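1. Test case, fold it:
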Amino acid sequence: MVISTFKGKTLFLGSAPLIYFIDGLSSYQSILSELFKLNDTGGFSFITSTITCNDRHK
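-> Residues are numbered from 1 along each chain as shown. All right, here's what the predicted structure looks like:
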């Protein structure tokens with residue numbers, strides 16, 4: 001995955017990557033960490049759904 005491809009774009013973030021990142025359960029943790037850091041610095045935006053937010057609390 002080339003993270004620079006996402007620069008300046010808006011990405012939909014589904015439930016699984018977000019929950020796995022928060023829980024630290026993903027084998028993609030390093031890639032997800034890089035994505036979230038770039039998002040934090042304004043490199044691109046995430047959007048998600050209310051279902052994603054609800055899934056975390058199950």
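2. So which residues of the chain form strands?
-> 10-12, 45-47 (DSSP state E).
3. As a markdown table, these with mean pLDDT would be great.
-> Putting the strands of the chain into a markdown table (pLDDT from 0 to 100) gives the following:
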| stretch | mean pLDDT |
| --- | --- |
| strand 10-12 | 90 |
| strand 45-47 | 89 |
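4. max-length helix in this protein?
-> Ranked by residue count and defined by DSSP state H, the top helix of the chain is helix 29-40.
5. List the buried residues in it.
-> Using 16 or more other C-beta atoms under 10 Å as the test for burial, helix 29-40 gives 32, 35. Using the backbone N, CA and C atoms, a C-beta is placed for each residue, glycine as well.
6. tell me how far it is from the chain's mean position?
-> With C-alpha atoms, centre = their mean, to the nearest Å as the basis, helix 29-40 stands 7 Å off its chain's centre.
7. Please apply the same query to stretch 40-48.
-> The chain centroid and the centroid of stretch 40-48 are separated by 9 Å under C-alpha atoms, centre = their mean.
8. Identify all contacting residues around it.
-> 6-15, 18, 38-39 (C-beta atoms under 8 Å, 6 or more residues apart in numbering).
9. what do you get if the cut-off is 10 Å, keeping everything else the same?
-> 3-15, 17-18, 34-39, 55 (C-beta atoms under 10 Å, 6 or more residues apart in numbering).
10. Just the terminal-to-terminal distance for that stretch.
-> 15 Å (C-alpha to C-alpha, to the nearest Å).
11. Likewise for stretch 7-26?
-> Stretch 7-26: ends 23 Å apart by C-alpha to C-alpha.
12. What residues of it count as buried?
-> 13, 17-18, 21, 26.
13. Test my guess that Tyr20 contacts Leu32.
-> Yes - applying C-beta atoms under 10 Å, one finds Tyr20 in contact with Leu32, separated by 7.4 Å.
14. joint contacts of those two?
-> Ser26.
15. quick one: low-confidence parts of the protein?
-> The chain contains residues with pLDDT under 70 at 1, 52-58.
16. please redo it, this time with the cut-off set to 90
-> 1-8, 11, 13-39, 42-44, 46-58 (pLDDT under 90).
17. got a list of what the closest residue to Phe21 other than its chain neighbours touches?
-> Once flanking residues are discounted, Phe21 sits nearest to Leu32: 4.4 Å by C-beta to C-beta, 6 or more residues apart in numbering. Residues counted as contacts of Leu32 (C-beta under 10 Å, 6+ apart) are 13, 17-18, 20-22, 24, 26.
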